[in-house]
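> sequence plus the predicted model coming up.
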Number of protein chains: 2
Amino acid sequence: MRILVIGGDGYCGWATALHLSARGHDVTIVDNLIRRRWDAELGITSLTRIAPIESRLREWHERTSRTIAYLSRDVTVYEDVCRTLRETRPHAIVHFGQQRSAPYSMIDHDHALRTHLNNTVGNLNLLWALHEVAPEAHLVKLGTMGEYGTPNIDIEEGFITIEHKGRTDTLPFPKQPGSFYHLTKVSDSDQIYFACRTWQLRATDLNQGIVYGIETPETFLSAPLVNRFDYDGVYGTVLNRFCVQAALRHPLTVYGRGGQTRAFLDIRDTVACIELAILNPAEPGEYRVFNQFTEVFGVLALARRVEAVARELGIKAPVLYYDNPRAEKDEHYYQTVNTRLMDLGLTPRHLDDALIAQLIEVGIRNVERIDPAHVLPKVKWRGAEPAAAAERAG
Amino acid sequence: MRILVIGGDGYCGWATALHLSARGHDVTIVDNLIRRRWDAELGITSLTRIAPIESRLREWHERTSRTIAYLSRDVTVYEDVCRTLRETRPHAIVHFGQQRSAPYSMIDHDHALRTHLNNTVGNLNLLWALHEVAPEAHLVKLGTMGEYGTPNIDIEEGFITIEHKGRTDTLPFPKQPGSFYHLTKVSDSDQIYFACRTWQLRATDLNQGIVYGIETPETFLSAPLVNRFDYDGVYGTVLNRFCVQAALRHPLTVYGRGGQTRAFLDIRDTVACIELAILNPAEPGEYRVFNQFTEVFGVLALARRVEAVARELGIKAPVLYYDNPRAEKDEHYYQTVNTRLMDLGLTPRHLDDALIAQLIEVGIRNVERIDPAHVLPKVKWRGAEPAAAAERAG
């Protein structure tokens, strides 16, 4: 199949583009490389050394004889999107081309607005371009489990059947997004659902959990193919961040009391899920939502697990309770459904200690690339700098 | 109280600004007059002759000795918003400064994007500016009943208590917006709710029904104070539009079979509701939603009623079923709660035949200002021109 991977230079996008190419699909990456500029602006770098996109793609071709095309285009420019669809006539479009960090969107007004413009204008453009240029193409859009927030009822996959005053309807699951980034994802979902109802577009909205790991079999082939490993307070996600802290022999910073429960998955499952969605497309007019994760962990439990694996490696990395820079519930109910991707054939991987040890070892190998100034969170949801580290856990 | 009325040159905004000024409040209108430019672009005009904003305000001062200040500023420019809040230090901000037409937002990609940018960027700017400059001010934001769509359960006021798999939570009412305009309003609501939870802002979100009528006691004082009367297919709302069609001896164009049921209110109730919200502000951190309407009508029933009043005036204006240019359910359940504004003291007006007759007469008096080319809808939700008139009802 002809597949566009928008945002294919990023963490999930790169792994997905290679995976789909390895599986025989005809892949084109569309990316304006803005994430590389954001890195430069924030003064952060991936722990792993990321080659220029052209080198990455040349290396992929040399290793596999397969070709991934690359278009330097911006989804926020409507004519770019239309032209891309006209030129590439894709069967499926995987849309990762968004600013994906909640802390980034909370830095200040300017970063909230940039996130909003990049994400919601890009999404709106893509929907209109599909309507006008490629109404048959299947949109596979990355959402996030964070759209739901932490309701006190079970989270379903996108929709919920509500009985109310003696009547019943199946309606979009109520969302409680927790940052300007999450707000854009909810807005995207609403737009896509509308476009499917109104224009008979076909779309799969993948509400993804927190992704961990770095390598897939394809990115592991050679050094220039390596994937990003973000460990900083803006782009680093929780498990990867703990592993780098352990590598640094830094305490593992748990926000609040660590009672937050979140959905997780291995990046190798991310790429598998996306291929499953593409191979089993939505029908015309269908807007479907899959909750894309494999396991649920409490943040403190995860830290304890990293602490234990580190200890095996001879590293002391105790848990440190840290004033929560976010506005989120510390203790809450969390139960969520994720059967639709399993029904399509996903065999979930489970987080094992070997992977945690590997991630710590990647940290150790690259320890000279870690900037300790970026290990702690700097962005506070309620403004100003977060309070200094609070209290060390036993 | 010091009150900002953003969008105070528009239909609801103008009536509200005068009403609040008449009631002794210290009112500042903020408006970039973009609606006047949109009128020019679309080649449409209000049926009533709208004076320049400066003349309107001069006339108001001459008639009442009261002064309404005016600032020509753009809510999509963040520094404009911050400066305005710093300079005026409002107790309450009524935000009408949005593109308010669903058909306008569906003309094409460009109009969808303009609507999105004007509305959601303005809303995001206002929230950040409140957070940074005026966290104590009470935001009174206009939403729309259209955010809810037409679910098969009763519509509550913003939130619904859901029992699911043995657990219970009160969550945002699921929304099914029916145009890019409506999508912006849903996105605004999500942003405001987030800002109240996270920054302890205080906000009232008024999900307004379809407003009818033109005059309030204040706009009626003299000709330069008259309010807008939009009759065209883009900005004209259903009852006002039927009355102008009757004045023109044009058939009353009912979309589809006219089975759509909608919530309505008189513009005199709009201004009363807004004052009630201001006088009874939300608490810090509180996000509350009021459904702002007084009656529910079926569209066909409304057309029949206008037809009957017109007949009394010696006018034959039969109902004409017209291919629905929108994507909406023609027959549906519609039951919705609106007790919160009543609890604050609203005494609802009911639509009476005298008002319908008055609206038809305004149409007749201004018949030379009606452009018949704009009486029928031109914007079709699914693209291209709507089909010609279908079939005349008996």
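That came through, no problem.
> only C-alpha atoms from now on, for both contacts and neighbour counts.
Noted.
> how about the helices of the stretch 1-150 of chain A, start to end?
A:11-22, A:34-42, A:53-64, A:78-88, A:102-105, A:109-116, A:122-133 (DSSP state H, counting those that start in this stretch).
> list the helices and strands the fourth one packs on?
Under the contact criterion of 3 or more C-alpha pairs under 8 Å, 6 or more residues apart in numbering or on different chains; DSSP states H and E, helix A:78-88 touches helix A:122-133.
> just say helix, strand or coil for the closest residue to chain B within the stretch 201-350 of chain A.
As assessed by C-alpha to the nearest C-alpha, chain B sits closest to A:Ala327 within the stretch 201-350 of chain A, at 6.0 Å. Here A:Ala327 is recorded as coil under DSSP: H, G, I helix; E, B strand; the rest coil.
> mean pLDDT lowest where, among the helices of the stretch 1-150 of chain A?
Mean pLDDT across the helices of the stretch 1-150 of chain A is lowest at helix A:34-42; the value there is a mean of 94.
> in that helix, which residues are buried?
By neighbour count with 16 or more other C-alpha atoms under 10 Å in any protein chain shown, helix A:34-42 contains the buried residues A:Ile34, A:Arg35, A:Arg36.
> dump that helix to CSV, keeping only the CA atoms.
Extracted in CSV, the C-alpha atoms of helix A:34-42 (Å, rounded to 0.1, in the frame of the first residue of the first chain):
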residue,chain,number,x,y,z
ILE,A,34,10.2,21.4,13.2
ARG,A,35,10.9,19.1,16.1
ARG,A,36,14.6,19.4,15.4
ARG,A,37,14.2,23.2,15.6
TRP,A,38,12.2,22.9,18.9
ASP,A,39,15.1,20.8,20.3
ALA,A,40,17.5,23.6,19.3
GLU,A,41,15.3,26.2,20.9
LEU,A,42,15.0,24.4,24.2
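> what parts of chain A come near chain B?
A:109, A:113, A:121, A:124-125, A:128, A:151-154, A:162-165, A:167-169, A:171-180, A:183, A:187, A:190-191, A:194, A:198-199, A:327, A:381-382 (C-alpha under 8 Å from any C-alpha of the partner chain).
> got a ChimeraX select line for the buried ones in the residues you listed?
Applying 16+ other C-alpha under 10 Å to the residues of chain A next to chain B leaves a buried subset, and the ChimeraX line that selects it is:
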select /A:109,113,121,124,125,128,151,152,153,154,162,164,171,172,173,174,175,176,177,178,179,180,183,187,190,191,194,198,199,381,382
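> filter the residues of chain A next to chain B down to just the ones in strands.
Those of the residues of chain A next to chain B mapping onto strands are A:Ile162, A:Glu163, A:His164, A:Arg167, A:Thr168, A:Asp169, A:Leu171, A:Pro172, per DSSP state E.
> run through the bridge partners of the fourth one.
Meaning A:Arg167. Applying DSSP bridges to A:Arg167 yields these beta-bridge partners: A:His164.
> contacts only, for it.
Neighbouring residues of A:Arg167 by C-alpha atoms under 8 Å, 6 or more residues apart in numbering or on different chains: B:Asn152, B:Ile153, B:Asp154.
> ok, so of those, who is nearest A:Leu85?
Nearest to A:Leu85 among the contacts of A:Arg167 is B:Asn152, at 37.4 Å by C-alpha to C-alpha.
> pLDDT score for the closest one?
98.
> one step back: farthest-apart pair in the ones in strands among the residues of chain A next to chain B, please.
Most distant of these, by C-alpha to C-alpha, are A:Arg167 and A:Pro172, 16.1 Å apart.
> tell me how far the residue lying farthest from the centre of chain A lies from B:Pro174.
The centre of chain A is farthest from one residue, A:Gly166, which by C-alpha atoms, centre = their mean lies 39.5 Å away. From A:Gly166 over to B:Pro174 the distance is 17 Å, taken as C-alpha to C-alpha, to the nearest Å.
> and A:Arg311, by the same measure?
47 Å.
> hmm, back to that, redo the helices of the stretch 1-150 of chain A as TSV? Include distance to B:Asn291.
Converted to TSV, these look like this (distance: least, C-alpha to C-alpha, whole Å):
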stretch	distance to B:Asn291
helix A:11-22	42
helix A:34-42	42
helix A:53-64	52
helix A:78-88	36
helix A:102-105	31
helix A:109-116	28
helix A:122-133	28
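> any idea of the angle the helix ranked longest in chain A forms with strand A:167-172?
Across chain A, the helix with the greatest residue count (assigned by DSSP state H) is helix A:180-199. Here helix A:180-199 runs at an angle of 120 degrees relative to strand A:167-172 (axes from the mean of the first three to the mean of the last three C-alpha atoms, to 10 degrees).
> elements contacting helix A:180-199?
helix A:102-105, helix A:109-116, helix A:122-133, strand A:138-144, strand A:202-208, strand A:287-292, helix B:180-199.
> if we go to 6 Å?
The helices and strands touching helix A:180-199, judged by 3 or more C-alpha pairs under 6 Å, 6 or more residues apart in numbering or on different chains; DSSP states H and E, are helix A:102-105.
> off-centre distance for the helix it packs on?
Here helix A:102-105 is found 13 Å from its chain centre; the criterion is C-alpha atoms, centre = their mean, to the nearest Å.
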